[in-house]
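Chemist: My questions concern the predicted model and sequence given below.
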Amino acid sequence: MPMNGLSLRRTKIVATLGPATDREGELEKMIKAGLDVVRINMSHGNPEEHKLRAQQVRELAAKFDHEVGVLVDLQGPKIRIARFAEDKITLQDGDHFALDNNVGKNDGNQREVGLTYKNLPYDVKSGDKLLLDDGRLVFEVIEVVGERVECHVLVGGTLSNNKGINLQGGGLSAAALTDKDKEDIITAAEIGADYLALSFPRSAEDVEYCRSLASKAGLNCSIVSKVERAEAVADDETLDGIILASDVIMIARGDLGVEVGDAQLPALQKKMIKRARQLNRVTITATQMMETMIDNAIPTRAEVFDVANAVMDGSDAVMLSGETATGKSPSLVIATMSRICHEAEKSRTSRESTHRIDESFTAVDETVAMATMYAANHFGVKCIAALTESGNTPLLMSRISSGMPIIAMTPHLDTRRKVTMYRGVYPSSIDYGTLDDSGVQALVLNKIKDFGIAQTGDLVILTRGEVKGTMGGTNRMEIVKIP
């Protein structure tokens, strides 16, 4: 696809696949509207459906010569109540209610309900606050008797089957990876996922375990940590550990907001984005970004501000969930979000950076990347062309806030798909294996002209390694005039 107009939007859009995207022609419209990465949610559907959707995405991306990344999102532990005999009940403030392992899975009633999460009675104590259905109902634990948790209803409402449970402040002992997740990692390997998202990690060890399972399955992909537990943000050391163990951090504001309180979310979002960028990691801001567009043709003004603020905070990507998975018009949502991102990127805060300005660099490729961005932001060049094997140099460049397009030119398909998540980075296929230095330069400059972002007489920056085909070998920066 030509690199002009909204296709040069820097912030990437992740869209969840589902029944709505299965409609005839919808995926094609989504790609044309500006889709960068698809999310396959393993909480719904079956492996055959997931594989088919991924295959359709790959085929359409190839048809339009437009790389689209694939993110497989693991379900994680199901911390939920069981079911009611009559599907739902209504609780009033002040009612007494119990969560009990010994109640049948379909036998919930006005007084009690069973649990799919059997460890709950062992994780809670008197005085704890339990938040059900994303915090719509609030219970206070009175006492725990055996496998029965006796509660006082602080905030009542309608409670229906299989609703989630959060412990205010965190502390539930459920492991981040379930048996289902381990099976789904094998499916992700069969799909050839570019990104694998881990739900509910509490520590760097959880992330490392997920990476080891992916590697064992033959999946060499980037690991996304969904920050959604209070324990993950309890202190800077834990958060830094999770960020450093990951390739990408997803700010999953649903469960996180329930556990830490909604009022803390804005500051936490800004903190996590800033810290991840400092540590050269990628960020996704997610949850309810344009949720009213599941049913409506336009977003609320609050949603517009939410997306724009995520862009100005420095998010690499913004994510859509139900808006595209089950919404009326997934492609319209993507087009709308694209326009909002594009406008927000014009703000001064989105183009200025003090990233690592007071720090020393420890690697040659990082030094070249930082020098390139400084030159690009203070000299009249049109774009940066980074010849790359692994995608690491464009990643390092993209940590600097800038309006400068970074073209990641690589012969490797997996690298082109990986950089679809990086802010301001655009993948391009190139085959320079048999060319000498001057031949490589000529090929790169012709490609830039074909993209339509620079023309004869314009200056561009080219970065590359002295030895082609070497990972982490970028050691040259050249300022070149297009002949």
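Modeler: Sure, I can see it.
Chemist: what does the model give Q110 for pLDDT?
Modeler: pLDDT for Q110: 97.
Chemist: What about it, how many residues nearby?
Modeler: Q110 has 13 neighbours, counted by other Cβ atoms under 10 Å. In this view, the C-beta of every residue, glycine as well, is placed from N, C-alpha and C.
Chemist: Which helix runs longest in this structure?
Modeler: Counting by DSSP state H, the longest helix found in the chain is helix 47-63.
Chemist: So which residues of the stretch 351-483 of the chain form helices?
Modeler: Along the stretch 351-483 of the chain, counting by DSSP state H, counting those that start in this stretch, helices occupy 364-378, 392-398, 413-418, 437-451.
Chemist: Any buried residues in the last one, and which?
Modeler: The one in question is helix 437-451. Going by neighbour count (16 or more other Cβ atoms under 10 Å), the buried part of helix 437-451 is 440-441, 443-445, 448-449, 451.
Chemist: rewinding a little: so which of the helices of the stretch 351-483 of the chain is nearest T178?
Modeler: helix 413-418 (26.5 Å; Cβ to Cβ).
Chemist: Which elements pack onto that closest one?
Modeler: strand 69-73, strand 406-410, strand 425-429 (3 or more Cβ pairs under 8 Å, 6 or more residues apart in numbering; DSSP states H and E).
Chemist: Put together CSV for these, with mean pLDDT and mean neighbour count on each row.
Modeler: Converted to CSV, the helices and strands packed on helix 413-418 look like this (pLDDT from 0 to 100; neighbours: other Cβ atoms under 10 Å):
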stretch, mean pLDDT, mean neighbour count
strand 69-73, 98, 27
strand 406-410, 95, 26
strand 425-429, 95, 21
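Chemist: Quick one: closest of those to M290.
Modeler: Among these, strand 69-73 comes nearest to M290, with 18.2 Å by Cβ to Cβ.
Chemist: Return the list of strands paired to the closest one, each annotated with direction.
Modeler: Sheet pairing here is set by DSSP bridges, and for strand 69-73 it gives strand 37-41 (parallel), strand 195-198 (parallel).
Chemist: Tell me which of those strands sits most buried.
Modeler: strand 195-198 (a mean of 27; mean count of other Cβ atoms under 10 Å).
Chemist: After that one, which helix or strand is next? Please name it.
Modeler: Downstream of strand 195-198, the next assigned helix or strand under DSSP states H and E is helix 204-216.
Chemist: what's the angle from that next one to strand 69-73?
Modeler: Going by axes from the mean of the first three to the mean of the last three Cα atoms, to 10 degrees, helix 204-216 is angled at 120 degrees with respect to strand 69-73.
Chemist: Can you point out the buried residues in whichever helix or strand comes after helix 204-216?
Modeler: For helix 204-216, the following helix or strand on the C-terminal side (DSSP H and E) is strand 222-227. Within strand 222-227, the residues that count as buried by 16+ other Cβ under 10 Å are 222-227.
Chemist: Please convert the strands paired with strand 69-73 to TSV, extending it with distance to H96 and mean pLDDT.
Modeler: Shown next, in TSV, are the strands paired with strand 69-73 (distance: least, Cβ to Cβ, whole Å; pLDDT from 0 to 100):
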stretch	distance to H96	mean pLDDT
strand 37-41	36	98
strand 195-198	37	98
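Chemist: Out of those strands, which gets nearest to M409?
Modeler: Ranking those by proximity to M409 (Cβ to Cβ) places strand 37-41 first, at 19.8 Å.
Chemist: Let me see the residues that make contact with that closest one.
Modeler: By Cβ atoms under 8 Å, 6 or more residues apart in numbering, the surrounding residues in contact with strand 37-41 are 12-18, 50, 53-54, 57, 68-73, 75, 191, 193-195, 197, 317, 319, 321, 325, 420-421.
Chemist: for the buried residues of strand 222-227, which one is nearest H342?
Modeler: Of all the buried residues of strand 222-227, H342 sits closest to V224, with 24.4 Å by Cβ to Cβ.
Chemist: List the contacts of the most centrally placed residue in the chain.
Modeler: What sits nearest the mean C-alpha location of the chain, by Cα atoms, centre = their mean, is I284, with 3.8 Å. By Cβ under 8 Å, 6+ apart, the contact list for I284 reads 14, 224, 248-251, 315-319, 421.
Chemist: how far does stretch 416-426 sit from the chain's center?
Modeler: The chain centroid and the centroid of stretch 416-426 are separated by 13 Å under Cα atoms, centre = their mean, to the nearest Å.
Chemist: So for that stretch, what gets flagged as buried?
Modeler: 416-426.
Chemist: most distant residue from the middle of this structure?
Modeler: Residue farthest from the centre of the chain, counting by Cα atoms, centre = their mean, is V145 at 40.6 Å.
Chemist: From A325, how far off is the closest residue in space to L265 that isn't next to it in sequence?
Modeler: In this structure, L265 finds its nearest non-sequential neighbour in G257, 5.0 Å apart by Cβ to Cβ, 6 or more residues apart in numbering. Counting by Cβ to Cβ, to the nearest Å, the separation of G257 from A325 is 20 Å.
Chemist: repeat for G108
Modeler: 28 Å.
Chemist: Same question for V364.
Modeler: V364 sits 43 Å away from A325, going by Cβ to Cβ.
Chemist: what about those two, which has more around it?
Modeler: Legend: neighbour count by other Cβ under 10 Å for V364 and A325, higher for A325 (20 against 14).
Chemist: OK, contacts around that one?
Modeler: Taking Cβ under 8 Å, 6+ apart as the test, what A325 contacts is 16-21, 41, 44.
Chemist: Can you tell me which of these has the most neighbours?
Modeler: L17 (27 neighbours).
Chemist: Report the contact partners of that one.
Modeler: L17 makes contact with 38-41, 53, 57, 324-325, according to Cβ under 8 Å, 6+ apart.
Chemist: same deal with V381?
Modeler: 375, 404, 458-461, 479.
Chemist: Report the residue ranges of every domain in the protein.
Modeler: Following automatic domain parsing, one gets these domains for the chain: 5-76+175-346, 88-167, 364-481.
Chemist: distance between the ends of the second one?
Modeler: Here the two ends of domain 88-167 are set 22 Å apart, with distance taken as Cα to Cα, to the nearest Å.
Chemist: Just send the helices of the stretch 351-483 of the chain back as a markdown table, with distance to I31 and mean pLDDT too.
Modeler: As requested, the helices of the stretch 351-483 of the chain are arranged in a markdown table below (distance: least, Cβ to Cβ, whole Å; pLDDT from 0 to 100):
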| stretch | distance to I31 | mean pLDDT |
| --- | --- | --- |
| helix 364-378 | 29 | 88 |
| helix 392-398 | 22 | 94 |
| helix 413-418 | 14 | 96 |
| helix 437-451 | 18 | 87 |
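Chemist: Now those helices in a markdown table, please, with extra columns for distance to L154.
Modeler: Formatted as a markdown table, those follow (distance: least, Cβ to Cβ, whole Å):
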| stretch | distance to L154 |
| --- | --- |
| helix 364-378 | 51 |
| helix 392-398 | 45 |
| helix 413-418 | 46 |
| helix 437-451 | 58 |
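Chemist: and K129, bridged to which residues?
Modeler: Beta-bridge pairing for K129 (DSSP bridges): E140.
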